[in-house]
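[1] got a predicted structure plus its sequence, pasted below:
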Amino acid sequence: MACISWTALAVPTVLGQGLEFTESNEPLHWTAYDRTGAAWLDVPAFQDPHVGALLRAALDLGGRVPPSGHAVTHLEFDRNWGWGSSSSLTDLMAQWTGVDPMQLHFATSSGSGFDVACARARTAIAYRKTGQKTAAWSAVSAAHWPVDHFALVYLGAKQDSQLEVQRTRPNPSEAELEAMSAVSRSLAAASEVGTWIDGIREAEARTSRWIGQPKIQDRFPNVGATLKSLGAWG
(Lines give C-alpha, C1' and ligand atoms only; values in the text may rest on other atoms or scores of the structure.)
Protein backbone atom coordinates (compact mmCIF):
# COMPACT_ATOMS: atom_id res chain seq x y z
CA MET A 1 0.00 0.00 0.00
CA ALA A 2 1.45 3.35 -1.02
CA CYS A 3 1.94 5.99 1.61
CA ILE A 4 0.88 9.49 0.63
CA SER A 5 1.72 12.31 3.00
CA TRP A 6 2.34 16.00 3.16
CA THR A 7 5.53 17.83 3.97
CA ALA A 8 5.20 19.04 7.55
CA LEU A 9 7.17 21.92 9.03
CA ALA A 10 8.43 20.92 12.50
CA VAL A 11 10.43 22.87 15.06
CA PRO A 12 12.34 21.30 17.99
CA THR A 13 12.20 22.92 21.42
CA VAL A 14 15.36 23.99 23.26
CA LEU A 15 14.43 22.03 26.38
CA GLY A 16 14.62 18.25 26.17
CA GLN A 17 15.49 15.16 28.17
CA GLY A 18 18.67 13.37 29.25
CA LEU A 19 19.55 9.78 30.14
CA GLU A 20 22.24 8.41 32.44
CA PHE A 21 23.14 4.77 33.07
CA THR A 22 25.00 3.30 36.02
CA GLU A 23 26.20 -0.31 36.10
CA SER A 24 25.15 -2.51 39.02
CA ASN A 25 24.41 -6.13 39.83
CA GLU A 26 20.69 -5.48 40.29
CA PRO A 27 18.15 -6.23 37.52
CA LEU A 28 17.72 -3.30 35.14
CA HIS A 29 15.84 -0.53 36.94
CA TRP A 30 14.33 2.64 35.50
CA THR A 31 13.84 5.98 37.28
CA ALA A 32 12.39 9.06 35.60
CA TYR A 33 12.68 12.50 37.20
CA ASP A 34 10.66 15.57 36.29
CA ARG A 35 12.13 19.05 36.06
CA THR A 36 11.73 19.60 39.82
CA GLY A 37 13.81 16.52 40.62
CA ALA A 38 10.81 14.43 41.73
CA ALA A 39 10.69 10.81 40.55
CA TRP A 40 7.46 10.17 38.65
CA LEU A 41 8.52 6.66 37.57
CA ASP A 42 10.64 4.26 39.62
CA VAL A 43 10.18 0.63 38.55
CA PRO A 44 11.97 -2.47 37.24
CA ALA A 45 12.54 -1.43 33.64
CA PHE A 46 10.67 -4.21 31.87
CA GLN A 47 7.63 -3.86 34.13
CA ASP A 48 6.66 -0.43 32.84
CA PRO A 49 4.49 -0.80 29.71
CA HIS A 50 6.08 2.04 27.75
CA VAL A 51 9.71 1.58 28.79
CA GLY A 52 9.40 -2.20 28.52
CA ALA A 53 7.98 -1.96 24.99
CA LEU A 54 10.89 0.24 23.89
CA LEU A 55 13.44 -2.10 25.46
CA ARG A 56 11.94 -5.20 23.86
CA ALA A 57 11.73 -3.48 20.48
CA ALA A 58 15.37 -2.38 20.80
CA LEU A 59 16.35 -6.00 21.47
CA ASP A 60 14.37 -7.16 18.43
CA LEU A 61 16.26 -4.59 16.34
CA GLY A 62 19.59 -5.96 17.53
CA GLY A 63 20.22 -3.34 20.19
CA ARG A 64 22.34 -3.78 23.30
CA VAL A 65 20.17 -3.77 26.43
CA PRO A 66 22.04 -4.59 29.66
CA PRO A 67 20.21 -7.06 31.93
CA SER A 68 21.30 -5.13 35.01
CA GLY A 69 22.02 -1.56 36.05
CA HIS A 70 20.13 1.67 36.70
CA ALA A 71 18.88 3.98 33.94
CA VAL A 72 17.82 7.49 34.94
CA THR A 73 16.11 10.12 32.80
CA HIS A 74 15.75 13.84 33.57
CA LEU A 75 13.12 16.06 31.96
CA GLU A 76 14.01 19.73 31.42
CA PHE A 77 10.37 20.83 31.01
CA ASP A 78 7.09 20.30 32.83
CA ARG A 79 5.91 16.82 31.80
CA ASN A 80 2.31 18.08 31.63
CA TRP A 81 3.19 20.35 28.73
CA GLY A 82 3.42 17.50 26.23
CA TRP A 83 6.59 18.74 24.58
CA GLY A 84 7.75 15.27 23.57
CA SER A 85 8.69 13.33 26.69
CA SER A 86 7.82 10.09 24.86
CA SER A 87 9.49 10.95 21.56
CA SER A 88 12.68 12.21 23.23
CA LEU A 89 12.73 9.00 25.31
CA THR A 90 12.53 6.98 22.10
CA ASP A 91 15.53 8.85 20.71
CA LEU A 92 17.48 8.50 23.97
CA MET A 93 16.69 4.78 24.09
CA ALA A 94 17.89 4.41 20.50
CA GLN A 95 21.18 6.19 21.26
CA TRP A 96 21.71 4.12 24.41
CA THR A 97 20.99 0.73 22.84
CA GLY A 98 22.59 1.48 19.47
CA VAL A 99 19.56 1.20 17.16
CA ASP A 100 18.05 3.53 14.61
CA PRO A 101 15.60 5.92 16.35
CA MET A 102 13.06 5.86 13.53
CA GLN A 103 13.05 2.06 13.37
CA LEU A 104 12.50 2.01 17.11
CA HIS A 105 9.69 4.53 16.79
CA PHE A 106 7.84 2.68 14.04
CA ALA A 107 8.25 -0.59 15.95
CA THR A 108 6.42 0.85 18.96
CA SER A 109 4.14 3.63 17.69
CA SER A 110 1.70 4.43 14.90
CA GLY A 111 2.55 8.14 15.00
CA SER A 112 4.20 9.97 12.12
CA GLY A 113 7.59 10.13 13.86
CA PHE A 114 8.22 13.82 13.20
CA ASP A 115 8.72 14.43 16.93
CA VAL A 116 11.37 11.70 17.12
CA ALA A 117 13.17 13.33 14.20
CA CYS A 118 12.99 16.62 16.12
CA ALA A 119 14.52 15.10 19.25
CA ARG A 120 18.04 15.36 17.84
CA ALA A 121 17.47 18.19 15.36
CA ARG A 122 19.22 21.50 15.87
CA THR A 123 17.01 23.51 13.56
CA ALA A 124 13.56 23.35 12.01
CA ILE A 125 12.95 20.45 9.64
CA ALA A 126 10.74 19.65 6.66
CA TYR A 127 9.42 16.15 7.42
CA ARG A 128 7.62 13.66 5.18
CA LYS A 129 6.67 10.03 5.64
CA THR A 130 7.95 8.06 2.65
CA GLY A 131 6.31 4.73 3.55
CA GLN A 132 4.34 3.05 6.28
CA LYS A 133 7.48 2.80 8.43
CA THR A 134 9.94 5.15 6.74
CA ALA A 135 10.42 8.91 6.65
CA ALA A 136 12.77 11.57 5.34
CA TRP A 137 13.51 15.10 6.43
CA SER A 138 15.83 18.01 5.75
CA ALA A 139 17.00 21.03 7.71
CA VAL A 140 15.13 24.31 7.29
CA SER A 141 16.64 27.67 8.15
CA ALA A 142 14.58 29.70 10.59
CA ALA A 143 16.91 32.70 10.71
CA HIS A 144 14.47 34.87 8.75
CA TRP A 145 11.32 33.92 10.69
CA PRO A 146 9.52 36.66 12.70
CA VAL A 147 10.12 34.76 15.95
CA ASP A 148 9.56 37.82 18.13
CA HIS A 149 5.87 37.31 17.38
CA PHE A 150 5.82 33.60 18.34
CA ALA A 151 4.83 32.17 21.74
CA LEU A 152 3.85 28.81 23.25
CA VAL A 153 0.89 28.59 25.64
CA TYR A 154 -0.03 25.56 27.76
CA LEU A 155 -3.81 25.24 28.12
CA GLY A 156 -3.72 22.84 31.07
CA ALA A 157 -5.12 19.87 29.15
CA LYS A 158 -2.39 17.53 27.88
CA GLN A 159 -3.75 14.76 25.67
CA ASP A 160 -2.50 11.31 24.72
CA SER A 161 -1.17 11.80 21.18
CA GLN A 162 -1.14 8.05 20.54
CA LEU A 163 -4.88 7.81 21.21
CA GLU A 164 -5.53 10.73 18.88
CA VAL A 165 -3.50 9.06 16.14
CA GLN A 166 -5.61 5.92 16.47
CA ARG A 167 -8.94 7.69 16.00
CA THR A 168 -10.78 6.66 12.83
CA ARG A 169 -10.79 9.50 10.33
CA PRO A 170 -11.32 9.77 6.56
CA ASN A 171 -8.16 9.75 4.50
CA PRO A 172 -7.40 13.19 3.06
CA SER A 173 -7.13 13.45 -0.71
CA GLU A 174 -3.82 13.89 -2.49
CA ALA A 175 -4.93 17.39 -3.43
CA GLU A 176 -5.55 18.23 0.22
CA LEU A 177 -2.17 16.83 1.23
CA GLU A 178 -0.43 18.86 -1.45
CA ALA A 179 -2.27 21.98 -0.26
CA MET A 180 -0.95 21.38 3.26
CA SER A 181 2.55 20.82 1.87
CA ALA A 182 2.28 24.16 0.09
CA VAL A 183 1.41 25.82 3.42
CA SER A 184 4.50 24.25 5.01
CA ARG A 185 6.73 25.45 2.18
CA SER A 186 5.24 28.94 2.36
CA LEU A 187 5.81 29.19 6.12
CA ALA A 188 9.37 27.88 5.84
CA ALA A 189 10.20 30.66 3.36
CA ALA A 190 8.20 33.41 5.07
CA SER A 191 9.73 36.34 6.93
CA GLU A 192 6.60 38.48 7.27
CA VAL A 193 4.11 38.09 10.12
CA GLY A 194 1.18 38.41 7.72
CA THR A 195 2.31 35.40 5.71
CA TRP A 196 2.56 33.34 8.89
CA ILE A 197 -0.92 34.41 9.98
CA ASP A 198 -2.40 33.42 6.62
CA GLY A 199 -0.57 30.09 6.59
CA ILE A 200 -1.54 29.16 10.14
CA ARG A 201 -5.17 30.05 9.52
CA GLU A 202 -5.26 27.90 6.39
CA ALA A 203 -3.55 24.94 8.11
CA GLU A 204 -5.96 25.15 11.04
CA ALA A 205 -9.03 25.36 8.81
CA ARG A 206 -7.96 22.41 6.68
CA THR A 207 -7.04 20.26 9.67
CA SER A 208 -10.27 21.17 11.46
CA ARG A 209 -12.35 20.03 8.50
CA TRP A 210 -10.36 16.80 8.17
CA ILE A 211 -10.51 15.63 11.80
CA GLY A 212 -13.93 17.09 12.56
CA GLN A 213 -12.88 19.16 15.56
CA PRO A 214 -13.17 22.92 16.12
CA LYS A 215 -10.16 25.16 15.71
CA ILE A 216 -8.43 26.30 18.89
CA GLN A 217 -9.13 29.88 17.74
CA ASP A 218 -12.87 29.19 18.11
CA ARG A 219 -12.38 28.51 21.82
CA PHE A 220 -10.77 31.91 22.35
CA PRO A 221 -12.58 34.29 19.98
CA ASN A 222 -11.49 37.41 21.86
CA VAL A 223 -7.76 36.69 21.85
CA GLY A 224 -5.89 39.21 19.73
CA ALA A 225 -3.52 36.67 18.20
CA THR A 226 -3.59 33.89 15.63
CA LEU A 227 -3.69 30.54 17.44
CA LYS A 228 -2.45 27.16 16.22
CA SER A 229 -3.00 23.83 17.94
CA LEU A 230 0.11 21.77 18.68
CA GLY A 231 0.27 17.99 18.97
CA ALA A 232 -3.03 16.27 19.77
CA TRP A 233 -5.85 18.70 19.05
CA GLY A 234 -7.82 19.98 22.04
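    That came through, no problem. Residues are numbered from 1 along each chain as shown.

[2] and the gap between the residue nearest the centre of the chain and N222?
    Geometric centre of the chain, nearest residue: D115, 2.6 Å, by C-alpha atoms, centre = their mean. D115 sits 31 Å away from N222, going by C-beta to C-beta, to the nearest Å. Yep, even glycine has a C-beta here, placed from its N, CA and C like the rest.

[3] next SSE after the helix or strand of the chain with the lowest mean pLDDT?
    Lowest mean confidence among the helices and strands of the chain (mean pLDDT, DSSP states H and E): helix 161-165, at a mean of 67. Moving toward the C-terminus from helix 161-165, the next helix or strand (DSSP states H and E) is helix 174-189.

[4] and that following helix, what does it pack against?
    strand 8-10, strand 124-131, helix 193-211 (3 or more C-beta pairs under 8 Å, 6 or more residues apart in numbering; DSSP states H and E).

[5] mind listing what's buried in it?
    Neighbour-count burial for helix 174-189 flags L177, M180, S181, V183, S184, S186, L187, A188 (criterion: 16 or more other C-beta atoms under 10 Å).

[6] for stretch 188-204, same thing?
    Under 16+ other C-beta under 10 Å, the buried positions of stretch 188-204 are A188, A190, W196, D198, G199, I200, R201, E202, A203, E204.

[7] tell me the phi and psi of the spatially closest residue to the last one that is not a sequence neighbour?
    The spatially closest residue to E204, leaving aside those adjacent along the chain, is K215, at 4.7 Å (C-beta to C-beta, 6 or more residues apart in numbering). K215 adopts backbone torsions of phi -70, psi 150, taken as degrees, to the nearest 10.
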